[in-house]
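1. Sequence and predicted model, in that order:
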Amino acid sequence: MPKYRSKRYRAAVVSVDRAKRYPLEEAVAIVKKNAGAKFDETVEVSMRIGVDPKKGDQQVRGSVILPHGLGGRTRTVLVFAEGERAKEALAAGADHVGGPELVDKVAAGWTEFDVAIAVPGMMRYVGKLGKVLGPAGKMPSPKAGTVSDDVTTAVKAYKAGKVEYRVDAGANVAGPVGKASFAPEKLLENVRAFMDSVRAAKPHTSKGTYMRRVVVSSTMGPGVQVDIV
């Protein structure tokens, strides 16, 4: 273990059997116990899944509305829309709304927002933002529900705690599921919702074991493997 790890972290690691797969309830309890930072740590689920990310028909991407939200600060939502849709987005709580001029601002490198939503009619402009928003995981996508004419529902969902996920080059999917301060039952419900969503997104071309490894961790704490059932 690196020497720069804190004394608290080293003690937390000792309390976790890294080779063991814990029942989900026990894993969440351990994560909460080991979340001893001076701030409210975010709890995250990381999953290794049985797909080949190099194959276009095995891409896994989706979103889930967590039953108890994410806690902490409200996410900043940007909407690419004009006219009535722009008014609807503002009324729903969007932080930034605009048309081609907002696209140009983002193209120039401005990305101070958490989620980008676009109405279908704006995608002819937004399409050029792939190199800017793609690597940051912020590119609007119909599959994630961020390309939609129903901007009211989309904005409210992301403000309430909707989480996007997508498989990375190592066949991993990860996402936040709440705060360490959440009651155990709320974290459990959020974790299960996230796992169920990823499970439901299994490509039909994926063969063999799909859910291969699940780890729950907090911002400053060690990961705890979950017994997948």
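-> All right, it came through fine.

2. list the contacts for Val16?
-> Val16 is in contact with 30, 34, 222-224, counting by Cβ atoms under 8 Å, 6 or more residues apart in numbering. C-beta: built from backbone N, CA, C; applies to glycine.

3. what ranges do the strands span in the chain?
-> Using DSSP state E, the strands found in the chain span residues 42-49, 61-65, 77-80, 96-98, 115-118, 162-166, 172-179, 211-218, 224-225.

4. Take the ones you listed and write them to CSV, including mean neighbour count and distance to Lys156.
-> Below are the strands of the chain laid out as CSV (neighbours: other Cβ atoms under 10 Å; distance: least, Cβ to Cβ, whole Å):
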stretch, mean neighbour count, distance to Lys156
strand 42-49, 21, 22
strand 61-65, 18, 10
strand 77-80, 28, 9
strand 96-98, 20, 14
strand 115-118, 26, 11
strand 162-166, 21, 9
strand 172-179, 22, 19
strand 211-218, 20, 28
strand 224-225, 22, 33
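
5. any chance of these in JSON lines, plus mean pLDDT and distance to Ser148?
-> Shown next, in JSON lines, are the strands of the chain (pLDDT from 0 to 100; distance: least, Cβ to Cβ, whole Å):
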{"stretch": "strand 42-49", "mean pLDDT": "97", "distance to Ser148": "26"}
{"stretch": "strand 61-65", "mean pLDDT": "90", "distance to Ser148": "11"}
{"stretch": "strand 77-80", "mean pLDDT": "98", "distance to Ser148": "10"}
{"stretch": "strand 96-98", "mean pLDDT": "98", "distance to Ser148": "14"}
{"stretch": "strand 115-118", "mean pLDDT": "96", "distance to Ser148": "7"}
{"stretch": "strand 162-166", "mean pLDDT": "90", "distance to Ser148": "12"}
{"stretch": "strand 172-179", "mean pLDDT": "95", "distance to Ser148": "20"}
{"stretch": "strand 211-218", "mean pLDDT": "96", "distance to Ser148": "29"}
{"stretch": "strand 224-225", "mean pLDDT": "96", "distance to Ser148": "36"}
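
6. Redo those as a markdown table? Include distance to Asp104.
-> Shown next, in a markdown table, are the strands of the chain (distance: least, Cβ to Cβ, whole Å):
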| stretch | distance to Asp104 |
| --- | --- |
| strand 42-49 | 33 |
| strand 61-65 | 27 |
| strand 77-80 | 11 |
| strand 96-98 | 9 |
| strand 115-118 | 14 |
| strand 162-166 | 24 |
| strand 172-179 | 30 |
| strand 211-218 | 39 |
| strand 224-225 | 45 |
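
7. And the ones you listed: which comes nearest Ala89?
-> When the strands of the chain are compared by Cβ to Cβ, strand 77-80 sits nearest Ala89, at 3.9 Å.

8. what packs against that closest one?
-> Applying 3 or more Cβ pairs under 8 Å, 6 or more residues apart in numbering; DSSP states H and E, one finds that strand 77-80 contacts helix 83-92, strand 96-98, helix 100-107, strand 115-118, helix 151-160.

9. Phi first, then psi, for Asp17.
-> phi -80, psi 100 (degrees, to the nearest 10).

10. Identify the residues contacting it.
-> Contacts of Asp17 (Cβ under 8 Å, 6+ apart): none.

11. what's the spacing between it and Pro23?
-> 13 Å (Cβ to Cβ, to the nearest Å).

12. middle-most residue in this structure, spatially?
-> Gly175 (3.6 Å; Cα atoms, centre = their mean).

13. does that one have beta-bridge partners, and which?
-> For Gly175, the beta-bridge partners under DSSP bridges are Val45.

14. Looking at this structure, which helix is longest?
-> Taking DSSP state H as the criterion, the chain has its longest helix at helix 184-200.
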